[in-house]
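> this one's structure only:
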């Protein structure tokens with residue numbers, strides 16, 4: 001059965017009614033939610049390895065704040081374009097694998113990075 005596309009123009013059209021049974025959704029157990037997610041081939045949950053490899057913008061912000069640096073100071077000190085850093089922190093883009101490796105090195109030993117950049 002093909003679903004009909006509903007166009008909604010606020011203030012002009014009546015608000016469409018939801019066909020979702022939210023009471024039923026609220027009663028789902030964690031096991032039922034997991035089973036439903038696993039049964040959808042287009043929306044498979046990430047594995048632990050895939051999740052670990054994901055870029056988390058909050059971690060970058062936390063690193064920068066732990067070092068006591070503003071976005072501008074962090075970008076300047078570690079030779080990262082300010083616009084790029086802002087984009088990463090805001091989640092508008094994610095660093096490539098090489099850039100992620102650089103950020104991990106900064107996180108683990110910022111003094112070594114700074115010493116290498118001073119050469």
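Ah, there it is. Since we're looking at a predicted model, the values are computed, not measured. Numbering: from 1, shown residues only.
> for this structure, longest helix please?
helix 97-108 (DSSP state H).
> which other residues reach that helix?
55, 60, 63, 78, 95, 112-113 (Cβ atoms under 8 Å, 6 or more residues apart in numbering). For every residue, glycine as well, the C-beta is placed using N, CA and C.
> model confidence over it, on average?
Here helix 97-108 scores 93 as its mean pLDDT.
> off-centre distance for it?
17 Å (Cα atoms, centre = their mean, to the nearest Å).
> kindly report the same for stretch 3-19.
30 Å.
> distance across that stretch, terminal residue to terminal residue?
Criterion Cα to Cα, to the nearest Å; first-to-last residue distance in stretch 3-19 is 12 Å.
> what mean pLDDT does that stretch have?
Stretch 3-19 comes out with an average pLDDT of 80.
> tell me the buried residues in that stretch?
The neighbour-count criterion (16 or more other Cβ atoms under 10 Å) identifies no buried residues in stretch 3-19.
> and the contacts of it?
If you take Cβ under 8 Å, 6+ apart as the criterion, stretch 3-19 is touched by no other residue.
> could you check how far the residue nearest the centre of the chain is from residue 74?
For the chain, the residue nearest the mean C-alpha position is residue 56 (5.2 Å; Cα atoms, centre = their mean). Distance, residue 56 to residue 74, using Cβ to Cβ, to the nearest Å: 17 Å.
> show me where this structure has its helices.
Using DSSP H, the helices of the chain run over 22-27, 30-39, 48-53, 57-66, 71-77, 82-89, 97-108, 110-118.
> let's have the ones you listed in CSV, adding mean neighbour count and distance to residue 4.
Supplementary listing: the helices of the chain in CSV, determined by neighbours: other Cβ atoms under 10 Å; distance: least, Cβ to Cβ, whole Å:
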stretch, mean neighbour count, distance to residue 4
helix 22-27, 8, 21
helix 30-39, 10, 25
helix 48-53, 9, 36
helix 57-66, 14, 38
helix 71-77, 15, 47
helix 82-89, 16, 39
helix 97-108, 14, 44
helix 110-118, 11, 57
